[in-house]
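[1] next come a sequence and a model predicted from it.
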2 protein chains.
Amino acid sequence: MSLQQLQYFVAVAEEQHVTRAAERLRISQPPLSRQIQALEDELGQPLFERRGRGIALTAFGRYFAARATAILDHVASVLADSKRWPS
Amino acid sequence: MSLQQLQYFVAVAEEQHVTRAAERLRISQPPLSRQIQALEDELGQPLFERRGRGIALTAFGRYFAARATAILDHVASVLADSKRWPS
DNA sequence: CGCGTCCAATACCATTTCGATCTCGATGCC
DNA sequence: GGCATCGAGATCGAAATGGTATTGGACGCG
């Protein structure tokens, strides 16, 4: 699991749409799909249901999105602190 | 910044010794040194003072170690939850 | 139905990143 | 001074990541 995967996942979860999330992240759609799959494999849980057209978060996906966002916020706050640190 | 860099940094901070930390992490010493440098570059702050022989945490390094540990704990707890999730 | 469109997944290749080995420079100890 | 220790630098091979092209399946519309 990587912070990048968390960022990718949160983007997809917010957009509910892989292609749009990929555009937002400035990458192309296939690598994004693969990172999401890799994350699901590692977690041992599906994050999205694959519908005919598009995707939808599972219950676990909703839980995980909340936790992932919290972690990313934590990271962002530490990064901001480091910029403000009295050197 | 990556979770791996945080793990690497915490190991070095705990060991206060790059080579021992590398052994604990099951990698070799040079890549570990480089990851620490990359992290310092990104943070814009030195995490360690390079002494003649060995290293020592800076004040910022001590602060950052605490935050990094918290983030890693958060990640570990989410991972553990995902294993326990009622599928 | 059947065709076109939309969307994610797959296949394949290029590039970047990461780790291992070897070596050097600096420092402390005898 | 000579030697051991420790972190940093250089170089190479392996793994991970991203891009392009394409496929496969589902929906909408005629």
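    Thanks, I have it.

[2] only C-alpha atoms from now on, for both contacts and neighbour counts.
    Will do.

[3] what about the longest helix anywhere in chain A, near chain B?
    Ordering each helix of chain A by length in residues (DSSP state H) puts helix A:59-84 first. Yes - using CA under 8 Å from any CA of the partner chain, helix A:59-84 reaches chain B at A:60, A:64, A:67, A:71, A:74, A:75, A:78, A:79, A:82, A:83.

[4] close enough to count as contact, the first one and residue A:45?
    Yes - using CA atoms under 8 Å, residue A:60 and residue A:45 qualify as a contacting pair, with a distance of 7.5 Å.

[5] may I see the buried residues of the host helix or strand of residue A:41?
    In this assignment (DSSP states H and E), residue A:41 forms part of helix A:29-43. Buried residues in helix A:29-43, counted by 16 or more other CA atoms under 10 Å in any protein chain shown: A:32, A:33, A:35, A:36, A:37, A:39, A:40, A:43.

[6] please report how far the fourth one lies from residue A:48.
    With the distance defined as CA to CA, to the nearest Å, residue A:36 ends up 9 Å from residue A:48.
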